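> Sequence and computational prediction follow.
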Amino acid sequence: MSVITCGTVILIPFEPRRLFWHKDAFMSMRHTLLGLLVAFTFIPGTGCEKSGSSGQPAAALTPAKLSPDTIVRVHWLGKNQLGVMASSYFLMRIWELPQSVQLEEEGLARLSNLHWGFSPRQKNGTTRSAALLHSLLADLVWNESYFEIRQAANQSPEMILAVHLNATLEQMWQTNLAAMAQSLAGGRPVPAPDGRFGWTLDSQNPSVHLVLTRVGQWTIVSTGPSRNGLLDEVIARVRHDHTPYVSRAPEDWLEADVDLLRLRALLPQPQDLPANLPQISLTVTGDGGNVLTHADLSFPEPLQMELPPWQIPTNLIHQPLLSFTAMRGIRPWLAGWKSWTDLQVGVTPDQICFWSLPTGLYQTYFAVPLPDAESRMRALTTHLMDTANPWLAAHGYVGFEPGPDSNGVTWGTSPAILPFLKSVEVDGFGGVAFGGLIPETNTTVQPHLSSYYHPAFNQVLQDLSSRTNLLYYHWELTGDRIQSCLFIGQFLSVLLHQTPLPLNGLGATWLKTVLPRLGNCTTTVTLTGANQLSFNRTSTVGLTAAELNLLVDWLESP
């Protein structure tokens with residue numbers, strides 16, 4: 001779990017390469033469900049020519065209730081339908097740019113060529129299987145899909161993936177999935193009994209019985225025990241309602257329900273994740289110009305959060321702003337973080353804020369309210385000089401230097417970036433630890449910022465103070481913030497001895513292309529119950545500048 005200071009919510013990183021598909025992966029239900037889950041949840045894109053659209057049920061339906069055995073449920077409308085919806089108008093204009101198409105193709109190719117455990121028996125077997133997977137992933141992007149994992153108590157998990165396909169793609173799925181299944185399992189699929197469409201495959205593991213069948217306009221793939229109740233239920237629903245899933249709101253592009261605690265138990269390797277993982281209910285839709293994201297998080301245990309009054313150092317924050325982030329209720333998380341406790345600087349703070357200015361690529365700052373900030377900063381300076389500097393010198397890094405008047409420290413010798421940390425007195429609540437990547441030296445505002453509306457800082461402060469249950473607030477001009485996050489990411493890559501993002505590569509080119517098209521992004525997280533959080537975001541493409549940079553960095557990473 002990590003906090004991205006460029007302006008995004010706490011993220012749980014997920015890297016498919018570390019999680020699954022060993023040589024005998026197809027023999028394990030765990031590997032099978034994770035493989036298809038990652039394939040389905042990849043950020044949508046292009047990759048094949050448009051095909052059939054989804055049929056609609058004849059009559060209005062009541063949304064199906066979530067089964068208590070459901071671990072994951074995802075419904076995706078598909079790019080075909082988004083292309084004709086007024087609610088996705090501006091998003092689709094960006095999505096259909098040539099550079100977006102190229103980046104999406106790169107993402108599909110990246111996923112297709114991960115190590116999925118394909119059999120090496122044939123010299124070109126892995127390459128052929130990757131090509132088949134690429135085609136299937138592209139179809140998932142374009143066409144309406146439904147994915148579900150269930151597991152009843154003391155039973156093997158069951159999984160289905162239903163995709164709305166035309167007759168041509170239906171035949172391709174039957175052939176291509178059969179070839180992939182054979183490569184993974186080493187067995188040969190056999191035609192479905194009684195002359196029905198599709199095939200079945202039994203592995204050496206009795207809990208893994210793979211079925212491909214066709215009901216109406218839906219191609220359904222399932223895996224689990226031979227008696228698969230989830231498959232039977234979905235087939236019956238399609239026959240009766242012409243759809244495997246009834247949306248909570250027909251205008252939603254994406255709906256997902258995920259029980260992270262139960263999903264963790266299905267992972268093939270132990271994961272270093274918190275014990276208090278939530279159930280998440282997510283919806284994504286739009287209003288024509290923005291992507292609207294909403295999620296409710298329900299935790300098994302109370303969050304035990306206190307919400308002290310906001311302490312914003314207004315005398316340090318200057319306008320105009322490029323981004324502003326405020327978080328509170330962070331003490332329980334921070335107190336359990338070893339890197340923080342090792343600093344031994346006293347009482348753990350409970351809130352922090354970040355902001356960036358449009359007058360320089362590295363003008364990003366943060367402030368942490370601290371009682372007796374001056375004495376704490378002296379203690380921290382001593383710790384960094386005595387403990388951190390020897391480690392830095394041993395690993396070839398420049399050491400910390402005392403700041404002016406022995407207040408805090410600076411680090412590095414670069415003229416372009418000079419991280420600093422010091423204490424500052426603030427009217428109203430004492431002191432703060434104030435830090436950033438470079439002192440404020442440039443006051444020339446980029447002229448193109450005036451083309452976007454951004455709220456006055458006083459308006460932001462009023463919004464914060466009026467919402468008593470607000471935990472997290474983030475606002476940014478995403479397009480302008482992209483460039484800052486890009487260069488900060490380059491600096492961190494060099495610092496951590498990682499390969500920087502190639503600035504002439506596909507990912508950086510795409511970021512430069514979409515940059516002028518991305519406007520405001522506002523994200524809030526509120527405490528709606530003792531064990532419940534609510535997440536809301538209004539943005540141009542659904543992601544913040546930091547998240548877009550992380551996505552591109554993953555696609556370009558060697």
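Great, that's in hand. Numbers count the residues shown, from 1 in each chain.
> what about the helices in the stretch 401-550 of the chain?
Taking DSSP state H, counting those that start in this stretch as the criterion, the stretch 401-550 of the chain carries its helices at 457-466, 478-495, 506-514, 545-556.
> what's the closest of those helices to residue 358?
helix 478-495 (6.1 Å; Cβ to Cβ). C-betas here are computed from N, CA, C, even on glycine.
> Can I get the closest one in PDB, CA atoms only?
The C-alpha coordinates for helix 478-495 follow below in PDB (Å, rounded to 0.1, in the frame of the first residue of the first chain):
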ATOM      1  CA  THR A 478      -5.000  16.900 -14.600                       C
ATOM      2  CA  GLY A 479      -3.600  17.900 -17.900                       C
ATOM      3  CA  ASP A 480      -1.200  20.500 -16.400                       C
ATOM      4  CA  ARG A 481      -0.300  18.200 -13.500                       C
ATOM      5  CA  ILE A 482       0.700  15.400 -15.900                       C
ATOM      6  CA  GLN A 483       3.900  17.100 -16.900                       C
ATOM      7  CA  SER A 484       4.900  17.700 -13.300                       C
ATOM      8  CA  CYS A 485       4.200  14.100 -12.300                       C
ATOM      9  CA  LEU A 486       6.100  12.900 -15.300                       C
ATOM     10  CA  PHE A 487       9.300  14.700 -14.400                       C
ATOM     11  CA  ILE A 488       8.900  13.900 -10.700                       C
ATOM     12  CA  GLY A 489       8.600  10.200 -11.700                       C
ATOM     13  CA  GLN A 490      11.800  10.500 -13.800                       C
ATOM     14  CA  PHE A 491      13.600  11.900 -10.800                       C
ATOM     15  CA  LEU A 492      12.400   9.100  -8.600                       C
ATOM     16  CA  SER A 493      13.300   6.400 -11.200                       C
ATOM     17  CA  VAL A 494      16.900   7.700 -11.300                       C
ATOM     18  CA  LEU A 495      17.000   8.000  -7.500                       C
END
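> that older thread, which one of the helices of the stretch 401-550 of the chain is the most hemmed in?
For the helices of the stretch 401-550 of the chain, the largest average neighbour count (mean count of other Cβ atoms under 10 Å) is found in helix 545-556, namely a mean of 22.
> by contact count, what packs against that helix?
If you count contacts as 3 or more Cβ pairs under 8 Å, 6 or more residues apart in numbering; DSSP states H and E, helix 545-556 packs onto helix 98-112, helix 478-495, helix 506-514.
> Just give me how far the longest one sits from the chain centre.
Which is helix 478-495. 18 Å (Cα atoms, centre = their mean, to the nearest Å).
> hmm, back to that, looking at the helices and strands packed on helix 545-556, which one has the lowest mean pLDDT?
Mean pLDDT across the helices and strands packed on helix 545-556 is lowest at helix 478-495; the value there is a mean of 86.
> Need the helices of the stretch 401-550 of the chain in TSV (columns: distance to residue 293).
Below are those laid out as TSV (distance: least, Cβ to Cβ, whole Å):
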stretch	distance to residue 293
helix 457-466	19
helix 478-495	14
helix 506-514	18
helix 545-556	11
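> sorry, back to before: quick one: closest of the helices and strands packed on helix 545-556 to residue 414.
That would be, of these and by Cβ to Cβ, helix 478-495, which comes in at 8.6 Å.
> Just want the angle from that closest one to helix 506-514.
Between helix 478-495 and helix 506-514, the angle comes out at 160 degrees (axes from the mean of the first three to the mean of the last three Cα atoms, to 10 degrees).
> what does helix 478-495 contact?
For helix 478-495, contacts defined as Cβ atoms under 8 Å, 6 or more residues apart in numbering pick out 6-7, 322-323, 356, 358, 361-364, 417, 437, 446, 448-449, 452, 498-501, 503, 508, 511, 514-521, 539-541, 544-546, 548-549, 553.
> I figured residue 334 hits residue 347, correct?
No. The pair residue 334 and residue 347 fails to qualify as a contact (Cβ atoms under 8 Å) at a distance of 10.7 Å.
> returning to that earlier point: out of the contacts of helix 478-495, which end up buried?
6-7, 322-323, 356, 358, 361-364, 417, 437, 501, 508, 511, 514-515, 518-521, 539-541, 544-546, 548-549, 553 (16 or more other Cβ atoms under 10 Å).
> Of the residues you listed, which belong to strands?
323, 356, 364, 520-521, 539 (DSSP state E).
> low-scoring stretches of the stretch 251-400 of the chain, by residue?
Residue ranges of the stretch 251-400 of the chain with pLDDT under 70: 269-271, 343-346.
> 80 instead, please
267-274, 335-347 (pLDDT under 80).
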